[in-house]
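J.: predicted coordinates and the sequence they were generated for:
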Amino acid sequence: MANQIPKTVIVSACLLGINCRYDSGNSLDNSLLEALSPPGEYILIPICPEQLGGLPTPRESCEIHYGSGEDVLSGEARVIGLETGEDFTNNFTRGASETLKIARLFRCRKALLKNNSPSCGAGKIYRNGVLVEGNGVTTALLMKNTVTIETL
Ligand code: SF4
């Protein structure tokens, strides 16, 4: 049988142990490698949309106000810093666009993303410190462009 070409998968870099979180930590999840079995079937493309959007590490923690990632993309919601109230929407939309660019470059049809994040969350995000229904900004843009999302 001919060797299969490995599938490329976008992965939130913090899930792989990269210290790119807002607090300079990571969210290493060993179950991720199990989710990608058998070994060798996938090539992982680590991304951090918030860093790609030009934000530093460490950085201020943010939440989406007045909606979800889809609403941010359509200009109806904003991404706001929890300490200063600063508007970081442009960084989040830029990070989402850069992530989509990478997904297209590497022909990724699937993304494994960190849950509950205002960038990478799928299905749930924080608003006023409480988990509510909604997607992060990058998740919303990838879904709009037919990338299948799984969260860990
Ligand atoms: S933006 Fe995504 S990849 Fe970056 S730290 Fe937050 S959850 Fe992890």
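T.: On my side now, so go ahead. Given the structure is predicted, the values throughout are model-derived calculations rather than measurements.

J.: quick check: phi and psi at residue 103.
T.: phi -60, psi -40 (degrees, to the nearest 10).

J.: tell me the contacts of it?
T.: Residues near residue 103 by C-beta atoms under 8 Å, 6 or more residues apart in numbering: 10, 45, 111, 142, 145, 147. For the C-beta atoms, the positions are set from N, CA and C on the backbone; glycine is no exception.

J.: in strands only, show me these.
T.: Secondary structure of the contacts of residue 103 is defined by DSSP state E; positions in strands are 10, 45, 111.

J.: is there a quick ChimeraX command that grabs whichever of these are buried?
T.: For the buried members of the ones in strands among the contacts of residue 103, the matching ChimeraX selection, counting by 16 or more other C-beta atoms under 10 Å, is:
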select :10,45,111
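
J.: one step back: how about the contacts of residue 103 in CSV, adding distance to the ligand and pLDDT?
T.: Output for the contacts of residue 103, formatted as CSV (distance: C-beta to the nearest ligand atom, whole Å; pLDDT from 0 to 100):
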residue, distance to the ligand, pLDDT
10, 10, 97
45, 12, 96
111, 10, 96
142, 12, 98
145, 17, 98
147, 15, 96
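
J.: can you map out the helices along the chain?
T.: For the chain, the helices defined by DSSP state H cover 31-35, 49-52, 69-73, 89-105, 137-144.

J.: ok, of those helices, where does mean pLDDT dip lowest?
T.: With a mean of 77, helix 31-35 has the lowest mean pLDDT of the helices of the chain.
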